[in-house]
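Q: Provided below for reference: sequence and predicted model.
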Amino acid sequence: MDIVIDPASATPPYEQVRLRIAELAAAGTLAAGEKLPPVRALAAELGLAANTVARAYRELELAGLVETRGRLGTVVTARAAGTSTQAQKAAATYAEKVKGLGVPPETALALVRAALGL
């Protein structure tokens, strides 16, 4: 994940993480439904304490920008990504259907691009 912590910043590290994840979601870099790295993994990657990243995730969840799904992890919400919940559900339904049909992911994406005229 593209997050850089500035130790000299007056902004606390948890807030830097929170702001950057929110920015990435708003820009579409993190899509609705996309799973965030586990707290410990992101903390290790950034050289932060796990509690620091956990606080950033809690703040994001309180704002409705991510949702924690237990063992399934923490995912970006449609609200954070600026995507409608209906569009997110339609994409999930399509993904389940093509998986059930045995369609390879590259083919499924090509079908969507063709349907969108891209």
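A: Arrived safely. Residues are numbered from 1 along each chain as shown.
Q: What is the least confident helix or strand in the protein?
A: Within the chain, judged by mean pLDDT, DSSP states H and E, the helix or strand with the poorest mean is helix 78-81; its value is a mean of 78.
Q: next one: that one to chain centre, how far?
A: Averaging C-alpha positions (Cα atoms, centre = their mean, to the nearest Å) puts helix 78-81 9 Å from its chain's average.
Q: ranges for the strands of this protein?
A: In the chain, the strands defined using DSSP state E lie at 66-68, 74-76.
Q: could you redo the ones you listed as JSON lines and give each row mean neighbour count, distance to Leu46 and mean pLDDT?
A: Quick note: C-beta positions are derived from backbone N, CA and C, even for glycine. Output for the strands of the chain, formatted as JSON lines (neighbours: other Cβ atoms under 10 Å; distance: least, Cβ to Cβ, whole Å; pLDDT from 0 to 100):
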{"stretch": "strand 66-68", "mean neighbour count": "20", "distance to Leu46": "17", "mean pLDDT": "93"}
{"stretch": "strand 74-76", "mean neighbour count": "21", "distance to Leu46": "15", "mean pLDDT": "94"}
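Q: rewinding a little: the least confident helix or strand of the chain - contacts with which helices or strands?
A: The contact analysis (3 or more Cβ pairs under 8 Å, 6 or more residues apart in numbering; DSSP states H and E) places helix 78-81 against helix 13-26, helix 85-100.
Q: Any figure for the gap between the closest residue to Leu19 other than its chain neighbours and Leu109?
A: Excluding its sequence neighbours, the residue lying closest to Leu19 (Cβ to Cβ, 6 or more residues apart in numbering) is Thr11, at 7.5 Å. Thr11 sits 38 Å away from Leu109, going by Cβ to Cβ, to the nearest Å.
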